[in-house]
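Enquirer: kindly generate the corresponding structure for this input.
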Amino acid sequence: MEDRINQLNANPGDWPLRCSIILEYYEAGQYGEAARLIGTAPQIPNNEKNILFAATILGRHHTAEGLGFLQRYTVSNPTTPGIARQKEAFQAALRQQAITPVPAEHVPVPPEHTDLSNFDANTALTEEQKRKPFVPAVEIAERLPDKPDKIRALIIAGVVHLVLIILLCFFGLTSPPPSPPRITATAPPEMEESLDQRLLDRKKMKTAAAPPEVQLTVSVDAFSEISVPTTIQADTSLSAIALSANPNSFGMSMGGFGSVSNVSSIPSGMQSRCSFSERMKRLREAGGDERAEVAVKKGLEFLASQQNPDGSFGNEFYVGMTGLTLLAFLGHCETPESVRYGDLVIGATMYLMERAMKNNGLLTNGEQGPHEAYEHAIGTYALCEFYSMTKESGRAIPRLDSVISKAVGIIVNEQTKLGGWPYLGKEKDDMSVSGWNIQALKAAHTTGLTLIGVSRALDLAVQEYLPKIQDKDGAFKYHIDHILGRVSLTGAALLGLQNWKGIDSPTYDKGFRYLKRRTVLPSPGDYYYAPYYNTQVFFIHGGEDWEEYNEKFQPKLLDAQNEDGSWLRNGSGAYAPEDSQITNTAWAILMLEVYYRYLPSTEKVRGAAPR
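Expert: Numbers count the residues shown, from 1 in each chain. Presented below is the predicted three-dimensional model:
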């Protein structure tokens with residue numbers, strides 16, 4: 001085996017040799033190793049036997065991987081009866097996994113072991129492919145990661161958790177009954193009276209549920225507006241709990257996970273958004289006005305009032321509006337377990353998933369048109385960020401990973417040879433559509449899921465497409481055949497470069513110099529598309545450039561907020577007038593969250609390698 005692996009490393013394009021090694025791993029039950037060798041193949045011969053062989057190997061390792069592989073293949077290739085049967089088998093297995101009650105940490109069981117002992121890679125090749133192998137072929141653009149380190153880490157983590165459980169059980173049996181809850185708070189003298197009143201109001205808002213078995217002691221050191229987390233039963237469905245209608249009564253979101261200790265389940269790059277004190281700390285460090293946090297809360301309260309009965313948002317482009325709104329709530333660390341907004345977040349997420357499942361993975365409002373490309377990218381972005389923030393909570397939504405896989409696969413397959421993205425079903429690249437797809441793919445990359453083609457698509461977009469559409473002054477064009485670029489698109493392109501390996505490139509430097517020249521007096525205006533991108537770009541760029549931009553722009557944005565918490569009104573701007581109030585309100589909130597949001601689609605360190 002070792003000699004053949006060395007031969008394969010020297011000649012990775014030797015498909016028959018690769019298949020013989022894969023079969024040995026497969027028959028030995030080492031499905032992860034077999035799948036890894038499929039993932040590292042330069043190409044796979046384009047005939048039914050080889051495609052089904054690869055899908056079977058991937059599907060045995062993880063059902064969604066096998067199905068996703070076949071779905072991507074059939075986008076540009078005919079669906080043979082054999083491929084159709086295999087897709088149906090994978091789909092049936094996923095449906096069974098979705099309805100079977102299993103613990104949250106349980107790994108779904110792939111389809112049963114298929115007998116592949118009679119498979120011969122040489123006989124599976126056509127005569128043309130024997131003469132000129134791998135033409136045409138299905139490219140495997142994303143490599144499956146090696147697993148040993150992860151397995152060892154999981155084993156160690158399992159042992160540690162087992163020891164902790166035993167110790168907790170021991171202390172639970174030997175310790176005296178806990179004392180009743182005790183809440184203490186300290187605050188500046190001028191706030192004592194208001195704090196006492198807030199605690200009193202908090203007690204009145206508690207439900208009539210039985211006293212919890214676990215008693216907590218929470219100590220709060222207040223220096224500005226706060227609220228104290230409520231003690232909640234361990235088996236209580238947090239998404240069903242509602243507090244008062246006063247947005248100021250829940251200033252400390254804690255990500256909806258109910259206590260500070262559970263914030264560790266959120267990825268480290270997102271944790272700064274999950275504590276009131278941490279948000280305020282980041283806000284002040286980055287030059288933010290303390291009014292920003294109040295404005296964000298008022299804005300979220302307005303958006304919450306706009307949710308439709310089916311969980312969606314908007315009046316016309318429901319998927320796009322739901323995606324943007326969900327991103328705004330996640331930016332404040334409101335998750336399914338958020339006491340105030342948990343039901344809203346679940347409803348929005350389930351609406352997006354339902355649209356994807358009803359449209360073969362496509363996230364749109366169901367009507368054809370240019371908006372489909374935007375809606376799909378924004379919806380995919382929101383689902384990926386939701387997944388990243390909840391995957392370690394133990395309360396993952398079933399089938400979300402397969403929905404993401406299919407949605408991301410559509411984006412990967414829609415990319416043109418130039419590296420950009422057109423309107424769905426079209427051929428001409430569009431920088432505005434490309435900007436949203438780059439954000440979606442970076443968020444997909446951050447999920448940690450095995451999503452084929454993501455890294456290669458981002459490489460092609462950032463290293464090939466964006467430099468080609470930059471004009472001589474540094475601006476970025478709407479289409480490559482345009483002579484001049486647009487300042488409104490330059491921020492979108494620069495954020496793409498910041499997202500993925502491009503922040504130290506000459507293209508980025510030239511583009512940022514142009515944007516800086518054109519935003520000497522930044523203003524929100526009557527449509528927040530460009531400011532949404534520009535604010536993120538300047539924040540990630542940092543330094544004096546950010547300080548100067550923020551000092552001029554932030555007060556104007558805060559002053560533009562309406563009394564009801566929204567920004568602008570429906571009908572403002574040239575695009576989607578029926579939904580413009582929700583669009584601009586969501587963008588405004590995301591701009592004000594930039595101080596602590598630390599987008600999963602960005603790395604705030606120049607030269608840092610993407611995760």
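
Enquirer: residue 415 against residue 427, yeah?
Expert: No: using C-beta atoms under 8 Å, residue 415 is not in contact with residue 427, being 11.5 Å away. Quick note: C-beta positions are derived from backbone N, CA and C, even for glycine.

Enquirer: neighbour count: those two, which is higher?
Expert: More crowded of residue 415 and residue 427, by other C-beta atoms under 10 Å: residue 415, with 22 against 9.

Enquirer: now that one. Nearest residue, chain neighbours left out?
Expert: Nearest residue to residue 415 in three dimensions, chain neighbours excluded: residue 457, at 5.2 Å (C-beta to C-beta, 6 or more residues apart in numbering).

Enquirer: count the residues that sit near that neighbour.
Expert: Neighbourhood size, residue 457 [other C-beta under 10 Å]: 27.

Enquirer: cool, residue 555 as well?
Expert: That count, for residue 555 with other C-beta under 10 Å as the rule, works out to 12.

Enquirer: hang on, the residue nearest to residue 415 packs against residue 412?
Expert: Yes: contact status for residue 457 versus residue 412: in contact at 5.1 Å, counting by C-beta under 8 Å.

Enquirer: contacting residues for the closest residue in space to residue 430 that isn't next to it in sequence?
Expert: The shortest distance from residue 430 to any non-neighbouring residue, by C-beta to C-beta, 6+ apart, is to residue 422 (5.6 Å). By C-beta atoms under 8 Å, 6 or more residues apart in numbering, the contact set of residue 422 is 373, 414, 416, 428-430, 433.

Enquirer: okay, who's weakest in those residues by pLDDT?
Expert: Within the contacts of residue 422, residue 428 has the lowest pLDDT, namely 88.

Enquirer: any low-confidence regions in the stretch 501-611 of the chain?
Expert: Scanning the stretch 501-611 of the chain for pLDDT under 70 picks out 572-574, 598-611.

Enquirer: quick one, helices of it?
Expert: 506-518, 529-541, 543-559, 580-592, 594-597 (DSSP state H, counting those that start in this stretch).

Enquirer: switch the ones you listed over to TSV; also include distance to residue 318.
Expert: Output for those, formatted as TSV (distance: least, C-beta to C-beta, whole Å):
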stretch	distance to residue 318
helix 506-518	32
helix 529-541	19
helix 543-559	26
helix 580-592	10
helix 594-597	24
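
Enquirer: of all these, which lies closest to residue 392?
Expert: Closest to residue 392 of those, according to C-beta to C-beta: helix 594-597, at 18.7 Å.

Enquirer: other SSEs contacting the closest one?
Expert: helix 276-285, helix 529-541 (3 or more C-beta pairs under 8 Å, 6 or more residues apart in numbering; DSSP states H and E).

Enquirer: which one of these lies closest to residue 31?
Expert: Nearest of the helices and strands packed on helix 594-597 (C-beta to C-beta): helix 529-541, 40.2 Å.

Enquirer: what angle separates that closest one from helix 543-559?
Expert: On the basis of axes from the mean of the first three to the mean of the last three C-alpha atoms, to 10 degrees, helix 529-541 is oriented at 140 degrees to helix 543-559.

Enquirer: contacts for helix 529-541 next, please.
Expert: Contacts of helix 529-541 (C-beta under 8 Å, 6+ apart): 286, 435, 487-488, 491-492, 494-495, 498, 503, 512, 515, 519, 522-525, 545-546, 549-550, 553, 557, 573, 575, 587, 590-591, 594-595, 599, 602, 604.

Enquirer: what about 7 Å?
Expert: Taking C-beta atoms under 7 Å, 6 or more residues apart in numbering as the criterion, the residues outside helix 529-541 that touch it are 488, 491-492, 494-495, 498, 512, 515, 519, 522, 524, 545-546, 549, 553, 587, 590-591, 594, 599, 602, 604.

Enquirer: what about stretch 434-446, average pLDDT?
Expert: The model assigns stretch 434-446 a mean pLDDT of 96.

Enquirer: where does the chain dip in pLDDT?
Expert: In the chain, residues with pLDDT under 70: 76, 96-161, 168-269, 271-272, 394-395, 572-574, 598-611.

Enquirer: show me the strands in it, by range?
Expert: Assigned by DSSP state E, the chain shows strands spanning 43-45, 137-139, 182-186, 217-221.

Enquirer: show me what the first one is packed against.
Expert: Okay, so that is strand 43-45. Packing contacts for strand 43-45, counted by 3 or more C-beta pairs under 7 Å, 6 or more residues apart in numbering; DSSP states H and E, involve helix 48-61, strand 137-139.

Enquirer: could you check how far residue 431 is from residue 490?
Expert: Using C-beta to C-beta, to the nearest Å, we find residue 431 at a distance of 9 Å from residue 490.

Enquirer: between those two, what contacts are shared?
Expert: Counting by C-beta under 7 Å, 6+ apart, the common neighbours of residue 431 and residue 490 are residue 476.

Enquirer: before we move on, the earlier item: of the helices and strands packed on helix 594-597, which is nearest residue 64?
Expert: The closest of these to residue 64 is helix 529-541. By C-beta to C-beta, the value is 31.3 Å.

Enquirer: between that closest one and helix 580-592, what angle do the directions make?
Expert: Using the same axes, to 10 degrees: helix 529-541 against helix 580-592 is 10 degrees.

Enquirer: the nearest residue to residue 550 once chain neighbours are set aside: how many residues sit nearby?
Expert: The shortest distance from residue 550 to any non-neighbouring residue, by C-beta to C-beta, 6+ apart, is to residue 287 (5.1 Å). Neighbourhood size, residue 287 [other C-beta under 10 Å]: 15.

Enquirer: how about the contacts made by residue 287?
Expert: If you count contacts by C-beta under 7 Å, 6+ apart, residue 287 has them with 547, 550-551.

Enquirer: for those residues, pick the one with the most neighbours.
Expert: residue 550 (20 neighbours).

Enquirer: distance check, that one against residue 367.
Expert: As judged by C-beta to C-beta, residue 550 and residue 367 stand 39 Å apart.
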